[in-house]
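Student: Sharing a sequence plus its predicted fold:
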Amino acid sequence: MKRFLSSILLSVCVVFVLSSCSKEVEKPAVTPSSEASAPQVDNSNSEETQAIALLRGLPTLNTVSSIAIIELDPESENFGDILSEFETPNININAPLHHIYYSPTGRVYATGLDPACSLAEVGLSRDLTGTPQITGLECLDTGGQQVGEDIMWHTVNDTEYMYVTFLGGTGVEQVDAGSVGVFDPQSNALVKTIEARKSLVAEGEPFIMYPHGISAYGDRMVVTSTVHPDLASGVGNSITVIDLNTFTAIQNIVVEDSKPVGYPSSPVEVLFLRPSIVEDVEPAVLVNTMFGFETWKVPFDAASKTFSKPVKLYDGAEQGTGVPLEFYGNETELFISHGIPGSVKRYDLASLPELVTSGPDLVTGAGAHHIIFFPSKTGKQLVAVQNNLLNLGNAKDNDPTDVDFMAKLNAHTVTVHDLADSKRLATIDFKQRYNKGIDNIESLFGSGFTHHH
């Protein structure tokens, strides 16, 4: 594993020959300029400026992983403070909780890298004073599926399900692991395990392997084929189409071109563009490839339910970026985070599926990843970016492991930016302040408007 990831890092450095291959030194937290011209607005709902976060304990610093509520408004006197925290000492320190999601009814879920707790429901409520607090964590029965990644809720044939991708499928020991779990969104009961391991289907038949990203439109779902959870056994280069009428894989579509680091493209996140996101949009699937450094478009004909030949929209090796990760958006823009050198690109939502730049890049930190939107106390529209690919790093930096590649994509920070001009207003360094990494942020109570999956 170490040799595999170290060779990727070396290749990245050769491709870019840029200083981002060294760990970024973050600026101390600052407050916005007093010259700001925004009118003074009293935000009655302060929860809008708060995030729920997954914090990663660092064993060498004697800290414990936790779920926390954090103040993100640089105009607040509590900026960067942990307002509520629930420690999770029973979750494997080297395989922590990974992503947070809100169901349509406001329930909170977390996927996890620990095979023993790969999907969980998080208790989030208000105490007698109305103050938000994390109250607990319940690991759910996944039917043996391991290493949870992404979740989405989607209705087909008048029935709503919760769909979860499991990178490790029904066993991380499987070289071609991977599955999609179908759950009852009310009871959390497992309804179906969608599995099509490459070694168990006929040659040339559709397969599901290392699924991570997930998105759906109508009765068609797409999941990505990313990388084996041990980060060594294999890397994917395609997306899989699943028929939601039968819960079966029906097609693989390769999204790969130049292999800038010498490995398969590793599609990571996927967004099925549909009218609920952009009115009158030409449906298409957008795909970010982690090791390909690219963003692809796969056109979709809704009438015939067929996909056309993939088209490369963005080439990071040519543009000086690598490891594209998430798709997020507000009412007018689509945002794509790039882990190297640490930036977020902005595109006009109405122009999708074409990528038309709508504003200057957000210059963030190494491992730019998850994003939330919120108004400041004075009414400024802000965006916060969590800068960490995955909290693995080298021992000399007092991180849990010695996977150097990951250390170079972990700034351990959240940067806050003015949405008007992308200017960075403030930074919270979680390793410096709390001796912890930060794996994920989402808006508290789902208050941030985002398109994600």
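Tutor: Good, I have the coordinates.

Student: Pretty sure residue 218 sits against residue 156.
Tutor: Yes. Here residue 218 reaches residue 156: they are 7.3 Å apart, a contact under Cβ atoms under 8 Å. Quick note: C-beta positions are derived from backbone N, CA and C, even for glycine.

Student: residue ranges for the helices of the protein, please.
Tutor: In the chain, the helices defined using DSSP state H lie at 2-16, 316-319, 404-407, 430-434.

Student: how about residue 57, what does it touch?
Tutor: Taking Cβ atoms under 8 Å, 6 or more residues apart in numbering, we find residue 57 in contact with 63, 64, 65, 66, 93, 96, 436.

Student: rerun at 7 Å
Tutor: 63, 64, 65, 93, 436 (Cβ atoms under 7 Å, 6 or more residues apart in numbering).

Student: so what's it bridging to?
Tutor: Judged by DSSP bridges, the bridge partners of residue 57 are residue 436.

Student: Distance check, it against residue 427.
Tutor: For residue 57, the distance to residue 427 (Cβ to Cβ, to the nearest Å) stands at 21 Å.

Student: same question, residue 236
Tutor: The gap separating residue 236 from residue 427 is 34 Å, by Cβ to Cβ.

Student: So those two - more neighbours on which side?
Tutor: For residue 236 and residue 427, the more surrounded residue by other Cβ atoms under 10 Å is residue 236, and the numbers stand at 32 against 21.

Student: Bridge partners for the residue nearest to that one when sequence neighbours are not counted, pull those for me.
Tutor: Nearest non-adjacent residue to residue 236, counting by Cβ to Cβ, 6 or more residues apart in numbering: residue 225, 2.7 Å away. In this entry, residue 225 is beta-bridged to residue 211, by DSSP bridges.

Student: ok, residue 225 - how many residues close by?
Tutor: 30.

Student: Ok, residue 153 next?
Tutor: Residues lying near residue 153 (other Cβ under 10 Å) number 18.

Student: same deal with the one 4 residues further on?
Tutor: Burial of residue 157, expressed as a neighbour count using other Cβ under 10 Å, amounts to 7.

Student: Poorly predicted segments of the chain, please.
Tutor: Scanning the chain for pLDDT under 70 picks out 1-45, 391-407, 447-453.

Student: Swap in 90 and give it another go.
Tutor: Along the chain, segments meeting pLDDT under 90 span 1-46, 56-63, 89-96, 230-232, 258, 389-412, 437, 445-453.

Student: on that earlier part again, for the residue nearest to residue 236, give me its contacts.
Tutor: Contact analysis of residue 225 by Cβ under 7 Å, 6+ apart lists 209, 210, 211, 236, 237, 238, 239, 240, 267.

Student: Could you list which of the residues you listed belong to strands?
Tutor: Judged by DSSP state E, strands contain the following of those: 211, 238, 239, 240, 267.

Student: List the beta-bridge partners for the fourth one.
Tutor: Going back to what we said before, that points to residue 240. residue 223, residue 252.

Student: Contact partners for it?
Tutor: 206, 207, 208, 222, 223, 225, 249, 252.

Student: ok, the fifth one - how many residues close by?
Tutor: Residue 223 has 30 neighbouring residues, counting by other Cβ under 10 Å.

Student: Spit out the contact partners of it.
Tutor: Contacts of residue 223 (Cβ under 7 Å, 6+ apart): 165, 180, 208, 211, 213, 214, 239, 240, 242.

Student: Please tell me how far it sits from residue 95.
Tutor: Distance from residue 223 to residue 95, counting by Cβ to Cβ: 21 Å.

Student: With the first one instead?
Tutor: Counting by Cβ to Cβ, the gap from residue 206 to residue 95 is 29 Å.

Student: So what pairs up with the residue nearest to residue 306 when sequence neighbours are not counted in the strands?
Tutor: Using Cβ to Cβ, 6+ apart and skipping the chain neighbours, the partner closest in space to residue 306 is residue 300 (7.5 Å). When assigned by DSSP bridges, residue 300 has beta-bridge partners residue 307.

Student: could you list every residue that touches residue 300?
Tutor: By Cβ under 7 Å, 6+ apart, the contact list for residue 300 reads 283, 284, 285, 307.
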